[in-house]
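J.: Quick one: sequence plus predicted model below, questions after.
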Amino acid sequence: FGGAYWLSCKPIVDEEKRLKKVIHIATDILDRRNFEKKLYSLSIKLETILTEIPDIVAEVNENKVYTWINSAGFEFFGDDVIGKEAAHYFEGDNDTYQKVQPIFNGDENVVYLENWQRRRDGQKRLLAWWCRTLKDQQGRVKGALSTARDITDLHASEEALRISETKFRSLFNHAGDGIIIHDFEGRILEVNDAICERLGYTREELHGMTPFDLDTPEFAALVPQRLDILEKQGHAIFESAHRKKDGTAIPVEVNVRVVELNDQPCILSIVRDLRERHEAEKALRESEAKYRKLLANLEEAVFIIRRDRTIVFCDGAVHEILGYQPEELIDRSTRIFYEDDQQFDYAGKIYSRLSRGEHFVLIEVNLQKKDGTIVRTELQGTPFDKDHITCVIRDISLLEKAKKERESLEDQLRQSQKMEAIGFLAGGVAHDFNNLLMAILGYCDLAMQHIETDNPAFPDLQEIKNASNRAATLTRQLL
């Protein structure tokens, strides 16, 4: 007939047990054989899959004893795993049996759990298990079939990622500068604590806002232009002003950069409060103004000079003493102030002495002004830093002139004091002499009263009186 058949024979005998005939029954088993071949092929495939997959596949009986395991399971637990209870490999406190008990009670839902188990080399490894119940044809529980995967490295990576994210979140929220992340449509996606505290908004309120809402009007108008620059360059730094919730404006510096968040391009803005910087800059400008005013009113010229004797800074009475404007002298050698190399070398002792550790050097030297005239000066040198010195130049020719003027005034004062002393002495003498004259005039008047006018002595007495009066007038002038 062709095909595959199962042939059975049955002999037929008579009463004397003699074979009379044979009945042959042929059963077509082609479909069955094909099914068996397919089943065998499928079995080989499943065995190959179970052998080659990296995950552990294992079967335990109702007592939780391993009855079958694949190659990955033998590699993990060892060749003697069959016949051992699952708990033999547990590490540490373990509630695995409590978690899987429902499937041993007949629950057909898959149970997922993670537990630490001992590998064949003694290492403690974390396994992720997917377990389900195994039942016989009558529905009785005969054990469990489980698949396991070693997730120790994944767990370590996730833990490291969690720690990293925690650190990042901590740094993000505790950064001194404000941080804003928004998309190119302006929607704010994330902010840190600093920006919330600075502007007075909650995180939830800021999530519903855009940079246009935060910028003051004059800077909000510049946002599209700045976004164009950002798209072209990938980063930018600019100044702006943010409005707090109460309406007050805060000057800020914004450092923006394009970053990726969840595989989408976003804008990371680091916002620095410029109020303290502006106040410091204002204080610095005021301090510099005072400093400049102080230098401008000095009678000395102040220089900062490199070790090679070139000028990096000068101010004060530079023009008055040397005839130069300060800006003319920057980066020029001090050699221009000296008539010859001898004078230049002589002034160089300031540098050599300071190099030896002295903190103050004072010398006198002649310097040549811009118009060629010579001025006598005093040079005072002190260290500025390791590469520069400070030199203060004083015009001592003016001091000498002042000294002469002072000496002249002192001479005049001494002469005046002498004249005062003489006047005081003359006044005392005049006072005593006037007393004598008063006596002479008195007695002269008495004598003239006792004699007649025709007496020859009368004219003499009159002359004595006249002379005494003239002497008294002169005495009064001395007094």
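T.: Now that the structure is in, tell me what you want to look at.

J.: so E358 is in which element?
T.: Using DSSP states H and E, E358 is not contained in any helix or strand.

J.: What of S416?
T.: Using DSSP H and E, the element containing S416 is helix 396-449.

J.: who does that helix touch, helix- and strand-wise?
T.: On a contact count with 3 or more Cβ pairs under 8 Å, 6 or more residues apart in numbering; DSSP states H and E, helix 396-449 meets strand 374-385, helix 458-478. In this view, the C-beta of every residue, glycine as well, is placed from N, C-alpha and C.

J.: quick one, helices of the stretch 201-350 of the chain?
T.: 203-207, 211-214, 217-220, 223-233, 275-296, 318-322, 326-329, 341-347, 349-355 (DSSP state H, counting those that start in this stretch).

J.: Distance to M448 for these - can I get that in JSON lines?
T.: As requested, the helices of the stretch 201-350 of the chain are exported to JSON lines (distance: least, Cβ to Cβ, whole Å):
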{"stretch": "helix 203-207", "distance to M448": "124"}
{"stretch": "helix 211-214", "distance to M448": "119"}
{"stretch": "helix 217-220", "distance to M448": "111"}
{"stretch": "helix 223-233", "distance to M448": "121"}
{"stretch": "helix 275-296", "distance to M448": "82"}
{"stretch": "helix 318-322", "distance to M448": "78"}
{"stretch": "helix 326-329", "distance to M448": "89"}
{"stretch": "helix 341-347", "distance to M448": "88"}
{"stretch": "helix 349-355", "distance to M448": "90"}
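
J.: Of all the ones you listed, which one comes closest to H431?
T.: The closest of the helices of the stretch 201-350 of the chain to H431 is helix 318-322. By Cβ to Cβ, the value is 56.1 Å.

J.: What distance do you get for F238 to L214?
T.: Noted for F238: a distance of 14 Å to L214, by Cβ to Cβ, to the nearest Å.

J.: In terms of packing, which of the two has more residues around it?
T.: L214 (27 against 15; other Cβ atoms under 10 Å).

J.: Could you tell me how many residues sit around the closest residue in space to D14 that isn't next to it in sequence?
T.: Among residues not flanking D14 along the chain, K20 sits closest, at 5.4 Å (Cβ to Cβ, 6 or more residues apart in numbering). The number of residues packed near K20 is 8, by other Cβ under 10 Å.

J.: Check the one 3 residues further on too.
T.: Using other Cβ under 10 Å, I23 has 9 other residues around it.

J.: Flag the shaky bits of this protein, pLDDT-wise.
T.: 1-6, 24, 26-33, 35-37, 39-52, 423, 426-427, 477-479 (pLDDT under 70).

J.: among the helices and strands packed on helix 396-449, which is nearest F433?
T.: Closest to F433 of the helices and strands packed on helix 396-449, according to Cβ to Cβ: helix 458-478, at 5.6 Å.

J.: Buried residues in that closest one, which are they?
T.: 461, 464-465, 468, 471-472, 475 (16 or more other Cβ atoms under 10 Å).

J.: Likewise for stretch 377-395?
T.: 377, 379-381, 384, 389-395.

J.: Equivalent analysis for stretch 228-242, please.
T.: Buried, per 16+ other Cβ under 10 Å, within stretch 228-242: 230, 236, 240-242.
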